[in-house]
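> got a predicted structure plus its sequence, pasted below:
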2 protein chains.
Amino acid sequence: MALKDVVAGARNEAGIAAVLDTLKQQLGDKLQTGQSFREQHAHTTTYLTTQLPDGVVFAENSDDVKAVVKACGAHKVPVIPFGVGSSLEGQVNAPMGGISVDFSRMNRILSVNAEDLDVTVEPGVTREQLNTYLRDTGLFFPIDPGANASIGGMASTRASGTNAVRYGTMKDNVLALTVVKADGEEISTGRRARKSSAGYDLTRLYVGAEGTLGVITSVTLRLQGIPEKIAGGVCTFDTIAAACDAVIMTVQMGIPVARIELLDAVQIRACNAYSGLSYEEKPTLFLEFHGSEETTALQSAQFSEIVEECGGSAFRWTSDAQERAKLWKARHDAYWASKALAPHLDALSTDVCVPISRFAECVTATQQDIIDNAMLAPIVGHAGDGNFHVLVLFDGKDPTSVAHTEAFVARLNRRAIEMDGTCTGEHGIGQGKMSFLAEEVGGALDVMIAIKRSLDPDNIFNPGKLFHAQ
Amino acid sequence: MALKDVVAGARNEAGIAAVLDTLKQQLGDKLQTGQSFREQHAHTTTYLTTQLPDGVVFAENSDDVKAVVKACGAHKVPVIPFGVGSSLEGQVNAPMGGISVDFSRMNRILSVNAEDLDVTVEPGVTREQLNTYLRDTGLFFPIDPGANASIGGMASTRASGTNAVRYGTMKDNVLALTVVKADGEEISTGRRARKSSAGYDLTRLYVGAEGTLGVITSVTLRLQGIPEKIAGGVCTFDTIAAACDAVIMTVQMGIPVARIELLDAVQIRACNAYSGLSYEEKPTLFLEFHGSEETTALQSAQFSEIVEECGGSAFRWTSDAQERAKLWKARHDAYWASKALAPHLDALSTDVCVPISRFAECVTATQQDIIDNAMLAPIVGHAGDGNFHVLVLFDGKDPTSVAHTEAFVARLNRRAIEMDGTCTGEHGIGQGKMSFLAEEVGGALDVMIAIKRSLDPDNIFNPGKLFHAQ
């Protein structure tokens, strides 16, 4: 199947002008077309060139979203949803122009059902906002990608992060969505019941669709009880292979760690410098256990045995909230810490994920590749999931540096795919990984494209993402 | 959107004859057209009229499946996958005739990756076969719908059962599938990595599609470590509301029960008679805890406090394997026990699921409805999920009895839907719940139909299921 008619090429100037005109009349000041607004909405934490939308609509409710989709549908103009812009693969870029739908004003928490451990929010609610709101209920939303991302954006990229080893990804924690489809009508994809066999799983279809099948207007999430006890700790290893082995044993033994994060020696150096810490510059695991006094102590003891077996340092653990906060702040700032190693350079984050049995092999081979090519590229990983990121620092203005980086990324993605892994564990495809999606999924790409065509026949939803122009 | 062209009406006699001819040549004795074979493959555990296929292909590998789909695709003839025939909503019926694909010979376990806690199997492998095979590895596959269903069938109906409260449903435990699509080509829907953001979640789309989008040819499943300790027990309550309240508190407190099953007094009476037991004929909870010696003891103690608060009987628990086996055998035989209450009658199992906070209300109202209408209809429930079944005994030959039953089922399904629940927690839609699917999902039905049309334009895959002819 040729992809070229899925990815439209040129800007539809007449359509864009008509849509801007219509939306100005319908939405007034909610539509902004100034250069600075447009630039802000193409800005992403990414190495990719920014591509500006023609207008930004600050949607205040579903009706505003429907108005945008109806106008854009009528004139075949792109609609690009925008959360906070923390996506990494160009998901909010507007390669063919169009309307960016900003969700910052759709940030209401619509209903908390504490008895059912669920909550329904508008897509612009951020992760931290939600957890602050929930604090008094004794519940929390566990998915933590590091960035203070919007819930709509997290759903769209099937985000996960440090807690996924225990609590799963957005796929596992979204109960239902409302979505505006190509005809401008809103549907609900599911109910609040905890399971259902009623027809196709549309919730899971829109989660991870990166805005290419419709625009999410609300998200119902599963919540968890705040653990009675949270304990965390750090241990170091002489080699990255030994650190990976400790992770593999932990997962295989079924120890229900809440977080188990790998940082290589270069990343530790970066974190020490950026966050004012003094960790030993060695491959390191950051851990967290959730449970009761007894169960966290038990898990910690079991993990300590594994560390000893793998030749790691004594596992230093703490349940002091401030100590833990410092540790995880450093982990969450890893991207910025790495960038600070060479502020004049650009940064690119890879995102492979492999079966846990291949994790050590994949990380080790990748680290060797980094050394062989004399790259500055710290490694951090959601190790318990077999997912790790290489933060490649490179000179985006130097074609040789760009070419080297691209070649490295291609080798890494193919290494993971060959190990029955994926080129993206949690960041999504966006613009950056379209060719690797095709390599990874093979014939299934035709199925994805058929679904895209059936639900978005005029290709208005976030065009130029996921599927390559050919 | 009109549905009438999604559900073809009439038998395509010329096409069926041509397909039988082609397959006889290509597959020889793997194709059977005798009456008894055809009857066996329309036989399901259901109240619905059987509708025979025209031929049964005993597929031995993917190539056989491809041959069937290609022949049927060429002549626009239905393809109906068949596992063991334990589905409850007519999923294996052939309302327009066609070819039943029997998977009993595709029952190989293709690879066990103990290190990654996953396994890949052919669709005809049954749940019990898989767990017997895995026993020496220390791993098990937790989904347990009671019947010794095939893994392919369980994936297709998004099955769950007694363990789902702890381990999730098929949605959560299928890592990847291979599927033969309408052009007869086979695709893979995912990798063995434990998470991925690579494009649309096709795995979750085919799981629960009831064979209407393609034919599953292999399933990769997540496995769990066999718990160090399994403990179970029983307690009774004076009212069903009190039993439900105990369940709600257990779920809300986050006690990680592996099973928590509700049986009403009528169901206990049936089980006592059928399985030679002597449980008190009162609303009863059957429980199971998985973990270590310490954690199961802790969970059991926590649960005992809840029982006391809800006025239940002392919670009698046991970790004796034989005692536990007897208890769960009785639970799994509940359907047959209920039927045995009145062997001359027909039986229909409902399958609503509601948010846990509405569980007591829904069960209580339903029990009152049963009493008000003088029905014989025991209740069993996967209470921790808010899912329960009413086993309605009725006289299928008496139009008044049928009408009463249909009216009761309609009231029950609507009661659940009004509570933000679903008409089917785990059995699927099949032929039996098509109108309730439409009521439940509203405008989302159009999206489902659009997907169906895009992936199966000639409506060859299990036609006459999910979507109503109109």
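Okay, I see it. Keep in mind the model is a prediction, meaning the values are calculated, not measured. Numbers count the residues shown, from 1 in each chain, chains lettered A, B, ... in the order given.
> what ranges of the stretch 151-300 of chain A fall below the confidence cut-off?
Along the stretch 151-300 of chain A, no part satisfies pLDDT under 70.
> in it, what residue comes closest to chain B?
residue A:204 (3.5 Å; Cβ to the nearest Cβ). Every residue, glycine included, has its C-beta placed from N, CA and C.
> that residue - how many residues pack around it?
By other Cβ atoms under 10 Å in any protein chain shown, the residues close to residue A:204 number 26.
> same question for residue A:29.
Neighbours of residue A:29 (other Cβ under 10 Å): 7.
> hmm, back to that, nearest spatial neighbour of the residue of the stretch 151-300 of chain A closest to chain B, skipping sequence neighbours?
residue B:204 (3.5 Å; Cβ to Cβ, 6 or more residues apart in numbering or on different chains).
> which SSE is that neighbour in?
helix B:202-206 (DSSP states H and E).
> need the next SSE after that helix, C-terminal direction.
strand B:215-222.
> ok, back up a step: dump the helix holding residue B:204 to CSV, restricted to CA.
The C-alpha coordinates for helix B:202-206 follow below in CSV (Å, rounded to 0.1, in the frame of the first residue of the first chain):
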residue,chain,number,x,y,z
LEU,B,202,-3.5,-3.6,17.1
THR,B,203,-3.0,-6.3,19.8
ARG,B,204,-5.8,-4.8,21.9
LEU,B,205,-7.9,-4.2,18.7
TYR,B,206,-8.0,-7.9,17.8
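> so what touches it?
Helix B:202-206 is contacted by residues A:171, A:200-201, A:204-205, A:444, A:447-448, A:451, B:155-156, B:171, B:174-177, B:179, B:187, B:189-190, B:213-214, B:216, B:451 when judged by Cβ atoms under 8 Å, 6 or more residues apart in numbering or on different chains.
> identify the single longest helix in chain A, thanks.
Counting by DSSP state H, the longest helix found in chain A is helix A:399-418.
> pull the CA atoms of it into PDB?
Coordinates of the C-alpha atoms in helix A:399-418 are reproduced here as PDB (Å, rounded to 0.1, in the frame of the first residue of the first chain):
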ATOM      1  CA  PRO A 399      26.200  17.600   8.900                       C
ATOM      2  CA  THR A 400      28.800  15.000   9.900                       C
ATOM      3  CA  SER A 401      27.700  15.000  13.500                       C
ATOM      4  CA  VAL A 402      24.100  14.700  12.400                       C
ATOM      5  CA  ALA A 403      24.900  11.800  10.100                       C
ATOM      6  CA  HIS A 404      26.900  10.000  12.800                       C
ATOM      7  CA  THR A 405      24.000  10.500  15.200                       C
ATOM      8  CA  GLU A 406      21.400   9.200  12.700                       C
ATOM      9  CA  ALA A 407      23.500   6.200  12.000                       C
ATOM     10  CA  PHE A 408      23.900   5.400  15.700                       C
ATOM     11  CA  VAL A 409      20.200   5.800  16.300                       C
ATOM     12  CA  ALA A 410      19.500   3.500  13.300                       C
ATOM     13  CA  ARG A 411      21.900   0.900  14.700                       C
ATOM     14  CA  LEU A 412      20.300   1.100  18.100                       C
ATOM     15  CA  ASN A 413      16.700   0.800  16.900                       C
ATOM     16  CA  ARG A 414      17.600  -2.100  14.700                       C
ATOM     17  CA  ARG A 415      19.400  -3.800  17.500                       C
ATOM     18  CA  ALA A 416      16.300  -3.600  19.700                       C
ATOM     19  CA  ILE A 417      14.000  -4.700  16.900                       C
ATOM     20  CA  GLU A 418      16.200  -7.700  16.200                       C
END
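> what's the local residue count around residue A:379?
By other Cβ under 10 Å, the residues close to residue A:379 number 23.
> and the closest residue in space to it that isn't next to it in sequence, how many neighbours?
Distances taken as Cβ to Cβ, 6+ apart place residue A:264 nearest to residue A:379, at 4.2 Å, with adjacent residues excluded. Using other Cβ under 10 Å, residue A:264 has 25 neighbouring residues.
> coming back round to it: in strands only, show me the contacts of helix B:202-206.
Among these, the ones falling in strands (DSSP state E) are B:174-177, B:179, B:187, B:216.
> ok, so of the residues you listed, who is nearest residue A:315?
Here the nearest of these to residue A:315, counting by Cβ to Cβ, is residue B:175; it sits at 30.7 Å.
> so who does the closest one touch?
B:118, B:190-192, B:194, B:203, B:220-222.
> tell me the spacing between residue A:11 and chain B.
Taking Cβ to the nearest Cβ, to the nearest Å as the measure, residue A:11 falls 26 Å from chain B.
> with residue A:35 instead?
To chain B, residue A:35 is 32 Å away according to Cβ to the nearest Cβ.
> and if you look at residue A:448?
From residue A:448 to chain B the distance is 5 Å (Cβ to the nearest Cβ).
> ok, that residue touching residue B:189?
No: the pair residue A:448 / residue B:189 is not scored as a contact, 10.1 Å apart, by Cβ atoms under 8 Å.
> okay, now the residue of the stretch 251-400 of chain A found nearest chain B: neighbour count?
Among the residues of the stretch 251-400 of chain A, residue A:357 lies closest to chain B, at 3.7 Å counting by Cβ to the nearest Cβ. For residue A:357, the count of nearby residues is 20 (other Cβ under 10 Å).
> the nearest residue to it once chain neighbours are set aside: what's it in contact with?
Distances taken as Cβ to Cβ, 6+ apart place residue B:115 nearest to residue A:357, at 3.7 Å, with adjacent residues excluded. Residues near residue B:115 by Cβ under 8 Å, 6+ apart: A:248, A:252, A:355-357.
> and residue B:115, helix, strand or coil?
Secondary structure, DSSP: H, G, I helix; E, B strand; the rest coil: residue B:115 is helix.
> could you do residue A:335 as well?
When classified by three-state DSSP, residue A:335 comes out as helix.
> quick revisit: by neighbour count, which of the contacts of residue B:175 wins?
The most crowded member of the contacts of residue B:175, judged by other Cβ under 10 Å, is residue B:194 (28 neighbours).
> out of the contacts of helix B:202-206, which are buried?
Among the contacts of helix B:202-206, the ones that count as buried by 16 or more other Cβ atoms under 10 Å in any protein chain shown are A:171, A:200-201, A:204-205, A:444, A:447-448, A:451, B:155-156, B:171, B:174-177, B:179, B:187, B:189-190, B:213-214, B:216, B:451.
> tell me the confidence at residue A:9?
Model confidence at residue A:9, given as pLDDT, is 67.
> whoops, I mixed them up, residue A:329
Reading off the model, residue A:329 has pLDDT 88.
> okay, now the domains of chain A?
Taking the TED database as the reference, chain A has its domains at A:3-104, A:109-225, A:229-419.
> perfect, I'm done here.
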